[in-house]
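[1] Pasting the sequence and the predicted model now:
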Amino acid sequence: MSIRALQILPLLSILLAAQPAQDPAVLARKALDLVLAGQYAEFLQMSTADVQKSMPAAELAKVGAMIKTYGALENLVAPAVTRSGPNSIVVFAAKFANQNINFRLIVNSAGLVAGFFQLPGSVNWQRPEYSQPAAFKERDVTVGDGEWKLPGTLSVPVGAGPFPAVVLVHGSGPNDRDETVGGVKMFKDLAEGLASRGIVVLRYEKRTLLYRARIGSIANFTVQEEVVDDAVKAVALLRSLAEVNGSRVFVIGHSLGAYVAPRIAEQDGKLAGIVLMAGNVRPLEDLLVEQVEYMGIKGDQLDRAKALQVKVKKLDPGDEDSPALGGLPVSYWVDLKDYDPAAAARKLAIPLLILQGERDYQVTMTDFALWKTAVGSAKGVVMKSYPSLNHLFVAGEGKSLPAEYSKPGHVAPAVIDDIAKFVK
């Protein structure tokens, strides 16, 4: 669960502004150019009061420092502009020397910037050796129906079924179906690796990516609407397919997806097991402070993280209408206030596979130890950690830092093998 992932969730206040009178693409390009040039005071003059408060010049300077790590800007594609009620959403696909980034700006009716976000751009994904494309076929599917239906990809082994099947459940932030983070497509790796080993895999666009501009319309938004509802629908879709053995359906959750996987299993009631990849036991607000400290960040940002931690700890049911905290509505924090994933997992009485990268700084070996204490001795529980792997289960050396996510990489072969063995 990354700080950056929490920061790029849409702020509800941002989503409620009105349509600009000027050309939003021109305004957004001017604002982006100011950020790229390090002219943060001028950028803030073009921004709403909410943006000025949440992204002061000191924070923008840190954004600028991060952008410098991408290398030289090689190309900036003409923007894609979409309408979201009264707002315009302008997306610039930027190609830097080290990675691709999508800059997403929200422009309101007054011609002011009401949101500035960085999302991973497209990467030149190379098929890992454990993917055997002749061993499976893929087709498009739709998860759910109505206003929140989601496009997905189904990977089906070649041969006579029915096969065991898994649903991949994303971490925090507006993830695509491949869970693209910089140079890594974790879910695409998992899908092709597992499908090559005789397992049906379903992955889909996350609701907060596809409908991010409409999330603000959800009253009392929680992780239920962000993750759980769609995961339960995805499980139901798998069971309806002729290629799937309905009694052998699993959920594989990563990060936030692993954190809430016990809740998904409880609501579904018929899962054959769950796989927790980098799943935290500790609350999100505690991880946030730990990550800031790990990065060696001091001063205002550390103080704000600790203040957020204190405020969240003091929340009670009935506080849902309070101002947002950390870019998330208070209803989100209240919903998770008394949630204990380990205790929830103990009650499930289904097999668990708990996997952890030992170089992971976002969800650490502290959480892995908590899982071991809570469920490690229970029947059907398998736990494994990997010394060289990071939060995305990609191998590396030394201290793990955000910059390594920008490099092309793949989920380690041992992880694919361990999951396949567990599911089959």
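    Structure's in. What do you need? Numbers count the residues shown, from 1 in each chain.

[2] which regions of the protein sit below the pLDDT cut-off?
    By pLDDT under 70, the low-scoring segments of the chain are 1-21, 85, 122-123.

[3] For Asp124, pull up the helix or strand it's in.
    Asp isn't right for residue 124; it's Asn. For Asn124, there is no helix or strand it lies in under DSSP states H and E.

[4] Apart from its neighbours in sequence, what residue is nearest it?
    In this structure, Asn124 finds its nearest non-sequential neighbour in Pro408, 7.3 Å apart by CB to CB, 6 or more residues apart in numbering. All C-beta atoms are positioned from the backbone trio N, CA, C, and that covers glycine.

[5] Surely the one you found touches Val184?
    Yes - the pair formed by Pro408 and Val184 meets the contact definition of CB atoms under 8 Å, at 7.3 Å.

[6] the more surrounded of the two?
    Set side by side, Pro408 and Val184 show more neighbours around Val184, with 27 against 14, by other CB atoms under 10 Å.

[7] mind listing what the more buried one touches?
    Residues near Val184 by CB atoms under 8 Å, 6 or more residues apart in numbering: 123, 392, 394, 405, 408-410.

[8] What of Tyr361?
    291, 294, 390-391, 399-401.

[9] now the residues you listed as a markdown table including neighbour count?
    Shown next, in a markdown table, are these (neighbours: other CB atoms under 10 Å):
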| residue | neighbour count |
| --- | --- |
| Gln291 | 21 |
| Tyr294 | 14 |
| Asn390 | 23 |
| His391 | 27 |
| Lys399 | 9 |
| Ser400 | 22 |
| Leu401 | 13 |
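
[10] mind listing which of those are in helices?
    Secondary structure assignment by DSSP state H places 291, 294 of the contacts of Tyr361 in helices.

[11] And the contacts of Tyr361, which is closest to Ala65?
    Nearest to Ala65, judged by CB to CB, of these is Leu401 at 13.1 Å.

[12] For Arg177, see how far away the closest one is.
    26 Å (CB to CB, to the nearest Å).

[13] Could you do Ser47 as well?
    Using CB to CB, one obtains 32 Å as the distance from Ser47 to Arg177.

[14] same thing with Val312?
    Counting by CB to CB, the gap from Val312 to Arg177 is 30 Å.

[15] cool, and Val227?
    Distance check for Val227 against Arg177: by CB to CB, it reads 14 Å.

[16] Check Phe96 too.
    24 Å.

[17] The two: which has the busier surroundings?
    Arg177 (23 against 19).

[18] Just the buried residues of stretch 27-36, please?
    Using 16 or more other CB atoms under 10 Å as the test for burial, stretch 27-36 gives 27-29, 31-32, 34-36.

[19] want to throw the residues you listed into JSON lines with distance to Gly357?
    Below are the buried residues of stretch 27-36 laid out as JSON lines (distance: CB to CB, whole Å):
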{"residue": "Leu27", "distance to Gly357": "42"}
{"residue": "Ala28", "distance to Gly357": "37"}
{"residue": "Arg29", "distance to Gly357": "39"}
{"residue": "Ala31", "distance to Gly357": "37"}
{"residue": "Leu32", "distance to Gly357": "34"}
{"residue": "Leu34", "distance to Gly357": "38"}
{"residue": "Val35", "distance to Gly357": "32"}
{"residue": "Leu36", "distance to Gly357": "33"}
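
[20] Looking at these, spot the one nearest Lys372.
    Val35 (44.3 Å).

[21] Am I right that that closest one sits in a helix?
    Yes - checked against DSSP: H, G, I helix; E, B strand; the rest coil, Val35 lies within a helix.

[22] And for the nearest residue to Arg248 once chain neighbours are set aside, the neighbour number?
    Excluding its sequence neighbours, the residue lying closest to Arg248 (CB to CB, 6+ apart) is Pro164, at 3.8 Å. Per other CB under 10 Å, the neighbour tally for Pro164 reads 22.

[23] Now the helix or strand harbouring Pro164 - C-alpha only, CSV.
    Following DSSP H and E, one finds Pro164 within strand 163-169. Written as CSV, here are the backbone C-alpha positions of strand 163-169 (Å, rounded to 0.1, in the frame of the first residue of the first chain):
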residue,chain,number,x,y,z
PHE,A,163,-10.2,-26.0,-14.6
PRO,A,164,-9.6,-24.3,-11.2
ALA,A,165,-9.8,-20.6,-11.4
VAL,A,166,-8.7,-17.4,-9.7
VAL,A,167,-9.8,-13.8,-9.5
LEU,A,168,-7.0,-11.2,-9.2
VAL,A,169,-7.9,-8.3,-6.8
